[in-house]
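Engineer: From the sequence below, what's the structure:
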Amino acid sequence: MNDSPEPELSRGLDLETDPALAAAVLEIEAHVASEGWDGPARLFALVDTAALVEAEPALATMMGLDAPDQDGSLTPIEQDQVPVTTQLEEVLQTTAWPEGVTGCAAVVERLVLPPDADGKIPEDAEAAAEFAKAHPDRQEVRIVAGATRAGATYCALRLKAHDDDQSVIGGVDLVPELLELLRITLDENPEGDE
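Structural biologist: Numbers count the residues shown, from 1 in each chain. Sure thing, here's the model as predicted:
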């Protein structure tokens, strides 16, 4: 019997969800969660596992990716660490992926405020960050967002207050602005030139 997570994963997916992308995002989320909180932003390339096995058989074997049940899956490959002094959004604005990359995913921790705080947040970025840190109803959340060249997206969110695998929330459009930045990094023609 196959021990892969696909049967359990498929119960929580709707028709819009790319199961390979969702599995990769959830794999990244579980990996990052195992390292605890207060980590840096992280960036991953998502490559077609079958293509990786064909192009780099020794590496694939070392990674345990040479099993036939890997067909149709995506393998996350972590990139160099995002500089601590740079916001992930800034890094994504200067990122472009080579042709062999099927998709990408980003991990970032943020403070989330309740909806009633919206009108009270200062416009200045530094003041807004201080406001969020001091707000009594703030929640810490880890976001893992992924996108593919084919246009699929998937996100996984984990609240620090509910830090267990069963409380991870998944969906295709949970953080639209971050997903759009990820999509742009995959755009082969970002300037719109023909």
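Engineer: Check which helix or strand Pro122 maps to.
Structural biologist: Pro122 belongs to no helix or strand when assigned by DSSP states H and E.
Engineer: Helices of this protein, residue ranges please.
Structural biologist: 6-11, 19-33, 49-55, 57-62, 88-93, 125-134, 176-186 (DSSP state H).
Engineer: Any chance of CSV for the ones you listed, columns mean neighbour count and mean pLDDT?
Structural biologist: Every residue, glycine included, has its C-beta placed from N, CA and C. Formatted as CSV, these follow (neighbours: other Cβ atoms under 10 Å; pLDDT from 0 to 100):
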stretch, mean neighbour count, mean pLDDT
helix 6-11, 11, 41
helix 19-33, 21, 95
helix 49-55, 17, 81
helix 57-62, 12, 74
helix 88-93, 16, 90
helix 125-134, 12, 76
helix 176-186, 17, 94
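Engineer: Using CSV, lay out these together with distance to Leu111.
Structural biologist: Below are the helices of the chain laid out as CSV (distance: least, Cβ to Cβ, whole Å):
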stretch, distance to Leu111
helix 6-11, 29
helix 19-33, 17
helix 49-55, 35
helix 57-62, 38
helix 88-93, 14
helix 125-134, 4
helix 176-186, 15
